[in-house]
Every structure is written in C-alpha cells, then in structure tokens.
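> My questions concern the predicted model and sequence given below.
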Amino acid sequence: MLHNLLPIFSQSLKPPLFEPGEPRFWDDPYISKSMLEAHLNQSHDGASRRNVEIEKTVRHLITSGFLKTGDRVLDLGCGPGLYSSRLCFECMKVTGIDLSRRSIDYARVQAERDGNDIDYICADFFNIDYKETFDAVLQVYGEICTFSNEKRDLLLSLVHRTLKDNGIFIFDVSTRELRMREGLKNRWYFSEGGFWRPGRHLVLEEGFDYPEDDTWLNQYIIMDEDGTVKVYRLWLHDYSFETISLTLEKSGFRVEQAWNSLSGESYRKGGDWIAIAARKV
Ligand SMILES: C[S@@+](CC[C@H](N)C(=O)[O-])C[C@H]1O[C@@H](n2cnc3c(N)ncnc32)[C@H](O)[C@@H]1O
C-alpha cells in the first residue's frame, strides 16, 4: 500500500509554472460528461454562466454595437454552444470550436433540433487556420487565463490573423481579487463516484500561489481504488486592466471598451472579472 502513496508525495510538491498535468481533461470520456452536466446546470456557474447571464451578455453585446446581424462570429471554446446558438438566433453566421467531442455533439443536436445553421467543429483552437475571415471572435469565461504567456501570445496572434480588418475580439479574464477568494484551498475527500470518476476514489485538492506571476494553480490529485494516481492541473493567470491592455497592445489590438462583466457591468477596479472588447489595429 505504501508504494501506492509514493506518487502522491512527489505530485503534491509545488510544480514549476505551467507544468502540465494529465493531458486529457476537457476531452476525457468520463470527465467531459461531468463537464457537460456542469455547463447545463442552472444552479451554479461552474463551467458556463447561467442562461439569464448569457442572455444579458448577448443583448449587451448587440445593443453596444460590438455584434450585429449578419456578422461572421467565431466562438472559441464554445462548449455546448450556449452563446453560439443565441448569436445564430440573432442572425449572425456562427462557427463554434471546442475540444470536447461530447460538448460539440450536444451543440450539433441542439442546432439540428432548432433549425440553426451553425458550423460546429471539434478541434483544438490552437490549430485554427483562418485568415481575415471573421468580424468578431468571442472567447467566454476566462479561457485565455489558462495559458502561459507564450501560449496566450500564440492564441492572440491566431485570433488577430482570423479577424477581418478592424475586427473585434471579445473575451473576459479573471482578476487576482477573484483568485484570492476562490483559489483552491487544501482539502481531501473520498467520493463514491462524482465529477472525476464513476467509482470510488480519493481526491486531494491543493492550491498553489505564484504571486510574482499573477498565477494560481488549482491541482487535483485523483487516486482510484486500484491505486492509480493522476494529477489534473488548472493553471490560472489572472490579469489587471493594465496587464491585459499591455498584452493586447503587443499583439496588435487596442482595448476599445472594458467592463466588469460581458453583460455590461461598468468597469471599476477591484472587480472579479474584466471583460474586454479589443479592436484589431
Ligand atoms: C470554461 S469552458 C467555457 C465554455 C463556453 N465558452 C461557455 O462559456 O459556455 C471552456 C471551454 O473551452 C474548451 N477548450 C479548452 N481548451 C481548448 C482548446 N485548446 N481548443 C478548443 N477548445 C478548448 C473546453 O472544452 C471548454 O468547453
């Protein structure tokens, strides 16, 4: 039994910044099922925001003029298509890309049921190869925060290339304020089956702070009954208005508008989120 615990000892040390954990999370056959349930759950905002907030966001982006009828919109990390389907309803031509086969399959079934003509693609958005194709690129729920500076800059360059001249990139980032409240705290529990595994397993949760890099790691060590240990890492690089503005500037964008939420809450320093509309220059 003791030898089963050895990987836990080594894995629970603070890892170097952005050291990857298990490669399969979003597209793991079991976890993606839990994830889809979380996306659709209206009692919390765990994986997607609730429908009321999504509706407010779409209304706000249209009334503020950042999205309009006829626009070609790319929804990067579209999940089960909660935003894509609303934008299609508003007569935009939408392409949604996501790594999760389960989410894309769900989104396609919904689109077919509702007669929505949406191009859903199951792919890694780091492999997109569009050139000046879209009026707007949308990336909702802090996805950009999960990447190292190098990967983030690569993603920004792909988004830049994908947008038409003067196109708009709309996204949100979390802040240090949110992390200080919600960063994972150390705890452990046994589960009889839940988010991570269908059967009995042990979960060790740990939070690691990298304050000099505005980065936090939520780490989950999962041990199955047969002693198999896997470590999942969710890296979160938080931003301030100044750091995200500078980052965008370096990648050929100009911040046109910032809010505290994509649904249009006015920007004030100290909020949990910063939502941005950045123009390709
Ligand atoms: C927090 S969820 C947000 C989903 C959706 N934007 C929403 O707010 O409802 C992040 C999504 O990004 C997807 N994702 C993560 N990395 C990805 C990648 N490299 N390529 C494509 N999709 C990715 C995940 O599968 C997941 O559906």
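Yep, that arrived. Numbering: from 1, shown residues only.
> Contacts only, for Glu55.
By Cβ atoms under 8 Å, 6 or more residues apart in numbering, the contact set of Glu55 is Arg86. Glycine gets a C-beta too; all of them are placed from N, C-alpha and C.
> Go through whichever strand or helix holds it and flag the buried ones.
Using DSSP states H and E, Glu55 falls within helix 51-63. Using 16 or more other Cβ atoms under 10 Å as the test for burial, helix 51-63 gives 54, 56-58, 60-62.
> Check stretch 211-226 too.
Applying 16+ other Cβ under 10 Å to stretch 211-226 flags 214-223 as buried.
> Direction included, what does the strand or helix carrying Trp216 pair up with?
Element membership for Trp216, per DSSP H and E: strand 215-224. According to DSSP bridges, strand 215-224 forms sheet pairs with strand 201-210 (antiparallel), strand 229-237 (antiparallel).
> Please compute how far that strand lies from its chain's middle.
17 Å (Cα atoms, centre = their mean, to the nearest Å).
> Residues touching it, excluding its own?
4, 8, 11-12, 14-15, 17-18, 21, 179, 183-184, 196-197, 199, 201-210, 229-238.
> Also near the ligand: which of the buried residues of stretch 211-226, exactly?
Contacts with the ligand within the buried residues of stretch 211-226, as defined by Cβ under 6 Å from any ligand atom: none are present.
> Grab the nearest non-local neighbour of Lys68.
Ile62 (6.7 Å; Cβ to Cβ, 6 or more residues apart in numbering).
> thinking again about what came up before, in TSV: the strands paired with strand 215-224, plus distance to Phe253, mean neighbour count and mean pLDDT.
Listed next are these as TSV, based on distance: least, Cβ to Cβ, whole Å; neighbours: other Cβ atoms under 10 Å; pLDDT from 0 to 100:
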stretch	distance to Phe253	mean neighbour count	mean pLDDT
strand 201-210	26	17	97
strand 229-237	17	19	97
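> Where does Ala258 sit: helix, strand or coil?
What DSSP: H, G, I helix; E, B strand; the rest coil gives for Ala258 is strand.
> burial measure for it, as a count.
17 (other Cβ atoms under 10 Å).
> From the ligand, how far out is the nearest residue to it once chain neighbours are set aside?
Residue nearest to Ala258 in three dimensions, not counting chain neighbours: Tyr267, with 4.6 Å by Cβ to Cβ, 6+ apart. Tyr267 is 20 Å from the ligand, where distance means Cβ to the nearest ligand atom, to the nearest Å.
> Lovely, talk soon.
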